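> Okay, sequence plus prediction incoming.
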Amino acid sequence: MTITVERTGHPIPSPRVATIALARAEARRVWRSPFLWTGLVLSIVSGLAWSWTRLPTWETFHENSGMAAVVLATALLIAAQLAVARDHRAQAVETMRTMPTGRGRRSLGQLAVVPIAALAGLVLYAAILLLLLPTWPVGRFEPWAAVVVAVIPPIGAAIGLVAGRLLPAAVTGPLAVVAIFLALSVPFVFVSSSDLSFWPVTFVEWDFGYRYPHGWHLLYLAGLLVSVVALASWPAARRASAVIAVVSVMFAGYAVRHEAAITPDFVDTEAALQRTAPEMLDCRVHAEVRYCALPGHAPWIEYWRDAVEPVASLLPPGARRPSIRQIATMDDMKPMTPGYPEMIISDSWGRIGGWAEDSRRRMTRDYVSTSIGILTREPTAWLTCDASGQHRTVVGLWMLDRAAPGEGWTLPRTRYGQAEIQAAESLLAMPQDRVASYLAEHWSEVLDPSSTALAGLGVTLDPPPIPTEPPASPADGTMAPDDRGVCT
């Protein structure tokens, strides 16, 4: 009897199936890479650190998360370079040449790191946003600026693939990071900030309300990504990769040049002031105080109320409560309502802990000074002045201690002495209702810097002569004084 043994044939996978299998294997390796997770943690920590002290706006959030994405892209560049150079490090280059999977198929499979990098960028963006809760960015949300954050990490990963294929040594990744950093940083010394459109991150614009061309910047980064991916796929299809790389580089160059061309070199003062004009502000009234926030910044009004309302509650019922107006980088120096007291607040506010307390303290002190007429919207009102002997100084110190007991806050940009402090302490020793009712009867006198409004409460300060003429302007070629003399 003859026995015949037949060999069972194993089906040979198609190139497409084999490439997908390689991509899955590479994806698993990258997913387990310590560089990916270390870079993700470092980038999240960096983004949080840069956003931790100040309440975020969408502009500052996208700038900080974009810089964090650069940190993540650095880690992914090194991870991708090490993945491509794996055979070289294991001294298995000749062995891999005998395998049925050629360099072209393997290069396509290694592209799996690119979508993983994009996913890591999205995780980074969401993680920083959620970890900043309960605070939420204010202002205008730019969707293209958000997509930029997700595009930066894949660019770093794709550069790592190209670097690993050209130079498989283990030090190539870190050296590539240093080279890219120098290439991006050195131009800061030689060109103006308006010519830095080629930087991956878009920076905060000083011109409030200006709509930066984030869409063109995204197209520029997308062109870079496609070109680098094409170079990484060179072994699989050289001619097609070359054509795609050249076309995408030209497209990226056109996009970044157009972005730079439509970005103004200087701030348009008139346009900026129009975007922050009183009619453009979001105004709301709480406890008889009018708060006017920049467009999109209305959620910050609740923080302002915590600083203002303890002072506003001390003002007599018939007294005018100063309005609050938020400004950006420029101020038109004109009150919203002519003749009505008004205080300005900047577009920055502390987010947590001592930073938030510092913002609240500054606003409370400024509001007290505005309420008693020392701080006004006059151009010279922000200069230091001498309030010694004025009874309204005593009232301001009394209000500060009532609004923040035991804090020892002082009136901002104002000089006074121990006599004013002792007079305020004498008012604090009296029942608050007695002082409040007296101020209600004599409030117009209190606002007069030359009056002795508190004589009925035992204050014996003698006000100094009050100038009737505004201070003279400095002569040409001389520095403006940092003191306006007696507070008027």
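Done, it's in.
> C-alpha only now, for contacts and for neighbours.
Will do.
> If I look at Asp207, what pLDDT would I see?
Listed pLDDT for Asp207 reads 72.
> residue ranges with poor pLDDT in the stretch 351-488 of the chain?
The stretch 351-488 of the chain contains residues with pLDDT under 70 at 470-480.
> So which residues of it form strands?
In the stretch 351-488 of the chain, the strands defined using DSSP state E, counting those that start in this stretch lie at 384-386, 414-415, 483-486.
> Name the residues of the first one that come out as buried.
Judged by neighbour count (16 or more other CA atoms under 10 Å), strand 384-386 contains these buried residues: Thr384, Cys385, Asp386.
> Neighbouring strands - and their directions - for it?
Using DSSP bridges, strand 384-386 pairs in its sheet with strand 414-415 (parallel), strand 483-486 (parallel).
> looking at these, which is closest to Arg434?
Comparison of those against Arg434 by CA to CA identifies strand 414-415 as nearest, at 27.0 Å.
> so how far is that closest one from its chain's centroid?
33 Å (CA atoms, centre = their mean, to the nearest Å).
> got the contact list for Thr370?
By CA atoms under 8 Å, 6 or more residues apart in numbering, the residues touching Thr370 are Pro322, Pro341, Glu342, Met343, Thr376.
> just those residues now: which is nearest Ile155?
Met343 (47.0 Å).
> Just give me the neighbour total for that closest one.
When neighbours are defined as other CA atoms under 10 Å, Met343 has 21 of them.
> Now do the longest helix belonging to the chain: distance to the chain's middle.
In the chain, ranked by residue count with DSSP state H as the criterion, the top helix is helix 58-84. A distance of 17 Å separates the centroid of the chain from that of helix 58-84, by CA atoms, centre = their mean.
> That one - contacts with which helices or strands?
Applying 3 or more CA pairs under 8 Å, 6 or more residues apart in numbering; DSSP states H and E, one finds that helix 58-84 makes contact with helix 15-31, helix 34-51, helix 113-131, helix 143-166, helix 172-185.
> correct me, but Ser224 touches Val249?
Check again: residue 224 is Leu, not Ser. Yes. Applying CA atoms under 8 Å as the test, Leu224 and Val249 come out as touching, 6.3 Å apart.
> quick one: which of the two has more around it?
Applying other CA under 10 Å to Leu224 and Val249 shows that Leu224 carries more neighbours, namely 24 against 19.
> OK, contacts around the more buried one?
Counting by CA under 8 Å, 6+ apart, the residues that Leu224 touches are Ile155, Ser248, Val249, Ala252.
> contacting residues around the third one?
The one in question is Val249. Residues near Val249 by CA under 8 Å, 6+ apart: Gly223, Leu224, Ser227.
> And it, what's its pLDDT?
With respect to pLDDT, Val249 scores 93.
> same check, this time on Gly164
pLDDT, read off for Gly164, is 84.
> got it, and the one 4 residues further on?
Among the per-residue scores, Pro168 holds a pLDDT of 77.
> Just give the closest residue to it, not the sequence neighbours.
Distances taken as CA to CA, 6 or more residues apart in numbering place Ala85 nearest to Pro168, at 4.6 Å, with adjacent residues excluded.
> any idea of the pLDDT on the one you found?
pLDDT, read off for Ala85, is 76.
> need the contacts of Leu224 in JSON lines with secondary structure and distance to Asp268, can you?
Below are the contacts of Leu224 laid out as JSON lines (DSSP: H, G, I helix; E, B strand; the rest coil; distance: CA to CA, whole Å):
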{"residue": "Ile155", "secondary structure": "helix", "distance to Asp268": "34"}
{"residue": "Ser248", "secondary structure": "helix", "distance to Asp268": "34"}
{"residue": "Val249", "secondary structure": "helix", "distance to Asp268": "32"}
{"residue": "Ala252", "secondary structure": "helix", "distance to Asp268": "28"}
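> ok, so of those, who is nearest Ala436?
Looking across the contacts of Leu224 and measuring by CA to CA, the closest to Ala436 is Ile155, at 65.5 Å.
> residues contacting that closest one?
Contacts for Ile155 (CA under 8 Å, 6+ apart) come out as Ala73, Val114, Leu224, Leu225, Val228.
> again, only this time at 7 Å
Leu225 (CA atoms under 7 Å, 6 or more residues apart in numbering).
> And it, how far from Pro168?
19 Å (CA to CA, to the nearest Å).
> Of the helices and strands packed on helix 58-84, give the one that comes closest to Ser444.
When these are compared (using CA to CA), the closest one is helix 34-51, at 44.9 Å.
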